[in-house]
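*Asks:* Fold the following for me, if possible:
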Amino acid sequence: MIGWVVLGLLVLVVVVVIGMYNAWADIDVQLKRRYDLIPNLVETVKGYAGHEKGTLEAVINARNRAMSATSPGAKAEAENMLSGALKSLFALSEAYPQLRAIESFTSLQNSLSQIEDTVQNARRYYNAVVRDLNTKIQVFPTNLFAGMLGFKTREFFEVSAAAEREAPKVSFNSPAAPTA
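*Replies:* All right, here's what the predicted structure looks like:
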């Protein structure tokens, strides 16, 4: 009887761990879709507001940093920077109405918005699975098996609420006087 309980608890911990990896894979796929859209968005904006070089470079740099981040914490921090850079990029459409009229720009913006929603849902699921895993690692009797098998608590993938609420800081340069 005790053998079945031990086996059941072990299977439970393994199932939660597998769920966590699947949940992170879902986030990773959605973030890659997001990263693939960004160069197209930047090129579209460049055609109409190419002299906004600082904003465009900030978006590319933030994208590259987000793509190279590995841990959930580092990925979340890089994603916060990327979100802020994208807000600045979209703020350009306020200064350049002709940009808003371009179908490819609005299509890319809508696609990015849909991906953001999917990432948010995937992040919620991942964090729920991580919470369950961390609980199993810390609560008796599963903590005994988790400790013996070397399971460690995992970090959440959290985008800071402050970054989401913060208004983008945009400096519009006159088209007649571009800055380097």
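
*Asks:* Go through whichever helix or strand Lys87 is part of and flag the buried ones.
*Replies:* Secondary structure from DSSP states H and E places Lys87 in helix 72-95. By neighbour count with 16 or more other Cβ atoms under 10 Å, helix 72-95 contains the buried residues 72, 75-93. Backbone N, C-alpha and C define where each C-beta goes, glycine included.

*Asks:* quick one: the lengthiest helix in the chain to helix 72-95, angle?
*Replies:* Looking across the chain with DSSP state H, the single longest helix is helix 2-49. Helix 2-49 runs at 30 degrees relative to helix 72-95, counting by axes from the mean of the first three to the mean of the last three Cα atoms, to 10 degrees.

*Asks:* tell me which strands and helices helix 2-49 is in contact with?
*Replies:* Packing partners of helix 2-49 (3 or more Cβ pairs under 8 Å, 6 or more residues apart in numbering; DSSP states H and E): helix 53-68, helix 72-95, helix 97-100, helix 103-138, helix 142-148.

*Asks:* one more time with 6 Å
*Replies:* helix 53-68, helix 103-138, helix 142-148 (3 or more Cβ pairs under 6 Å, 6 or more residues apart in numbering; DSSP states H and E).

*Asks:* do you know which of those helices lies nearest Val29?
*Replies:* Val29 lies closest to helix 103-138 among the helices and strands packed on helix 2-49, at 8.2 Å (Cβ to Cβ).

*Asks:* Can you check what angle separates that closest one from helix 2-49?
*Replies:* Interaxial angle of helix 103-138 relative to helix 2-49 (the same axes, to 10 degrees): 160 degrees.

*Asks:* So what's the model's average confidence on helix 103-138?
*Replies:* Per-region confidence: helix 103-138 scores 86 on mean pLDDT.

*Asks:* try stretch 63-76
*Replies:* Here the average pLDDT along stretch 63-76 is 89.

*Asks:* what separates that stretch from the chain centre, distance-wise?
*Replies:* The chain centroid and the centroid of stretch 63-76 are separated by 8 Å under Cα atoms, centre = their mean, to the nearest Å.

*Asks:* mind saving the C-alpha coords of that stretch as PDB?
*Replies:* Extracted as PDB, the C-alpha positions of stretch 63-76 are listed here (Å, rounded to 0.1, in the frame of the first residue of the first chain):
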ATOM      1  CA  ARG A  63      14.100  42.700 -29.200                       C
ATOM      2  CA  ASN A  64      17.600  41.300 -29.400                       C
ATOM      3  CA  ARG A  65      18.000  41.400 -25.600                       C
ATOM      4  CA  ALA A  66      14.700  39.600 -25.200                       C
ATOM      5  CA  MET A  67      15.600  36.900 -27.700                       C
ATOM      6  CA  SER A  68      18.900  36.200 -25.900                       C
ATOM      7  CA  ALA A  69      17.400  36.100 -22.300                       C
ATOM      8  CA  THR A  70      17.300  32.600 -21.000                       C
ATOM      9  CA  SER A  71      15.700  32.400 -17.500                       C
ATOM     10  CA  PRO A  72      12.100  33.400 -16.900                       C
ATOM     11  CA  GLY A  73      13.300  36.300 -14.700                       C
ATOM     12  CA  ALA A  74      15.700  37.600 -17.300                       C
ATOM     13  CA  LYS A  75      13.100  37.000 -20.000                       C
ATOM     14  CA  ALA A  76      10.500  39.000 -18.100                       C
END
